[in-house]
Every structure is written in C-alpha cells, then in structure tokens.
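*Asks:* Next one to model:
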Amino acid sequence: MKSIAKLFAAALLILPLSLTAQKPVKLGHIDSQKLLMAMPESDSAQNKLAKVEKEFQATLEELQVEFNKKFKTYQDTYTTMTELIRSTKETELNELSERIQNFQTQAQQDFERQRMELFKPIQEKAKKAVDEVARENEFTYIFDVSPGVGAIVYSAPETVDIMPLVKKKLGITDMP
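*Replies:* Model prediction:
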C-alpha cells in the first residue's frame with residue numbers, strides 16, 4: 001500500500017513537469033484548392049483534360065447525329081414500312097440509344113479516372129510541400145480551409161496561413 005502511495009505521489013510531482021515540457025500548439029491553415037491551381041502542373045493537366053473532353057464530345061455528337069438521321073428516316077417512312085422492317089428499325093434505334101447512353105457513362109468514368117491520374121502527382125507534391133513546411137516551422141496542425149473540403153467554420157487570427165511558405169517551397173511566384 002505504501003509503494004502505491006509513493007508511486008502516486010511521484011506521479012503527481014512528475015505530471016506538472018511533463019505538462020510544462022510540452023510544446024505550445026501552433027496552428028496553420030491553407031486553401032489547398034488555391035494552392036493546386038497556383039501550381040504550373042495544374043495548367044498542363046487542365047489542358048490535357050480539356051482535350052480528352054473535346055474528343056469525347058466529338059464522338060458523342062457523331063453518335064447523336066447518326067441517331068437523329070436514323071430516327072428521321074424512321075419517322076419519314078413509318079407509314080410505308082412493313083411490320084418486320086418497322087420492328088427492325090425500332091430495335092436498331094433502341095440499340096443505338098443504349099450505345100449512346102453507355103458511351104456517356106463510360107466517357108464520364110474515363111474522364112474522372114484520367115483526372116485523378118493527372119492530378120494525383122500534383123496533389124502528392126503539394127502535400128509533401130505542406131508536410132515539409134509544417135515540420136520546418138513546427139506546426140502542430142495544418143487545416144485545409146478550401147470550400148467544401150474541410151469543416152473549418154472559423155479560423156482564429158492566431159493561425160498562420162502557410163500558403164506563402166508552401167508556394168516558396170514549390171518555387172511558385174505570384175504574378176504581379
């Protein structure tokens with residue numbers, strides 16, 4: 001019992017010393033979306049995505065033109081068609097419509113996949129720079145204040161915007 005009391009007393013003596021030895025909390029924040037858009041690599045990625053989107057759009061328009069022509073022909077000759085021809089044309093139109101819908105779905109998925117592939121290295125580079133700045137400047141926490149990303153509703157004046165430090169680390173200079 002005496003040994004437990006001695007341990008408890010020792011713990012009470014050590015506890016205040018350990019609390020005073022801790023570093024103060026240093027908070028920082030950054031708008032990661034603005035950082036990503038400031039990085040030159042983002043322009044290149046956006047240009048590649050715009051090219052992909054344009055190609056998808058052109059193919060979709062070709063499919064839509066093909067569908068519209070076949071549908072117009074179907075409407076114009078509907079009354080003179082036999083039941084077999086009418087049924088065959090309707091099946092063809094339905095299949096083409098499904099192909100268009102499938103293409104749209106697959107194009108959107110492919111576009112998102114390519115977007116993720118293009119921006120992943122840019123995001124990793126930005127994260128690495130933020131991590132390095134945080135370590136070098138002894139930040140305890142860095143909050144992302146990008147709209148829709150974080151849940152930060154208030155940023156105290158005591159927090160530090162590390163955007164200039166990260167831009168410097170990445171070699172990004174603001175245009176005059």
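*Asks:* May I ask which helix or strand encompasses the residue nearest to Phe67 when sequence neighbours are not counted?
*Replies:* The shortest distance from Phe67 to any non-neighbouring residue, by CB to CB, 6 or more residues apart in numbering, is to Leu96 (5.1 Å). Using the backbone N, CA and C atoms, a C-beta is placed for each residue, glycine as well. Of the helices and strands defined by DSSP states H and E, Leu96 is found in helix 83-136.
*Asks:* and the helix or strand just after that helix, average pLDDT?
*Replies:* Downstream of helix 83-136, the next assigned helix or strand under DSSP H and E is strand 141-144. Average pLDDT, strand 141-144: 84.
*Asks:* Okay, buried residues for strand 141-144 please.
*Replies:* Neighbour counts over strand 141-144 (16 or more other CB atoms under 10 Å) mark 142-143 as buried.
*Asks:* Pull up the pairing partners for it, direction included.
*Replies:* Note on strand 141-144: by DSSP bridges, its sheet partners are strand 27-30 (parallel).
*Asks:* Distance from the next helix-or-strand element following the strand it pairs with to the middle of the chain?
*Replies:* Scanning forward in sequence from strand 27-30 by DSSP H and E, the next helix or strand is helix 32-38. Distance of helix 32-38 from the chain centroid (CA atoms, centre = their mean, to the nearest Å) equals 11 Å.
*Asks:* surely the residue nearest to Phe67 meets Val65?
*Replies:* No. Taking contacts as CB atoms under 8 Å, Leu96 lies outside contact range of Val65: 11.2 Å.
*Asks:* Mean pLDDT per helix and strand in this protein: which one sits at the bottom?
*Replies:* helix 2-21 (a mean of 45; mean pLDDT, DSSP states H and E).
*Asks:* The residue lying closest to Leu49 once chain neighbours are set aside: neighbour count?
*Replies:* Nearest non-adjacent residue to Leu49, counting by CB to CB, 6+ apart: Arg115, 5.8 Å away. Burial of Arg115 is recorded as 16 neighbouring residues (other CB atoms under 10 Å).
*Asks:* distance of Arg115 from Val25?
*Replies:* 36 Å (CB to CB, to the nearest Å).
*Asks:* Over to Gln123?
*Replies:* From Gln123 to Val25 the distance is 26 Å (CB to CB).
*Asks:* For Lys72, what are phi and psi?
*Replies:* phi -60, psi -40 (degrees, to the nearest 10).
*Asks:* Kindly apply the preceding question to Gly171 instead.
*Replies:* phi 80, psi 30.
*Asks:* That one and Ala134, how far apart?
*Replies:* The gap separating Gly171 from Ala134 is 18 Å, by CB to CB.
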